[in-house]
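> using only what follows, build the 3D model:
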Amino acid sequence: EVQLVESGGGLVQTGGSLRLSCALSGGTFDDYTVGWFRQAPGKEREGVACFSLPDRVFYYGDPVKGRFAVSSDHAKNTVYLQMNSLKPEDTAVYLCAARLVGEIQFNYWGQGTQVTVSS
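Okay, the predicted model is just below:
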């Protein structure tokens, strides 16, 4: 059973940075596409970034382009989300999710980590 564990959230001031981690276990790392999502109170879940591990293809949502970056450490089976120039509107619970390459649905989800950006 694939499991995802996020870490790295916290409270930061506007303009600050945070790096979130998503550790994947129970599966072969390169078989998956990993996505980062976020959900703010009263809002729908929003896709933030997507990273296909086998072919290193990235996708970023418009609100975070140029500020967020995804990377991976295959030795640690971990995907990172580096978040720079944070804004109050980035405040949300951030979740990572995984799907097997070729599948459409993200079937595996982490528990989420809170990111709060103060103005």
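> now do the buried residues in the helix or strand of the chain with the lowest mean pLDDT.
Every helix and strand of the chain was ranked by mean pLDDT, DSSP states H and E. The lowest is strand 57-60, at a mean of 80. Within strand 57-60, the residues that count as buried by 16 or more other CB atoms under 10 Å are residue 60. Where you see a C-beta, it was placed from the backbone N, CA and C, and this is true even at glycine.
> which outside residues touch that strand?
48, 49, 50, 51, 52, 68, 70 (CB atoms under 8 Å, 6 or more residues apart in numbering).
> what does stretch 32-43 give?
With contacts defined as CB under 8 Å, 6+ apart, stretch 32-43 is touched by 2, 20, 22, 24, 45-53, 70, 72, 79, 81, 90-101, 106, 112, 115.
> follow-up on the earlier one: so for whichever helix or strand comes after the least confident helix or strand of the chain, mean pLDDT?
As assigned by DSSP states H and E, the chain's next helix or strand after strand 57-60 is strand 68-73. Confidence for strand 68-73, expressed as mean pLDDT, is 92.
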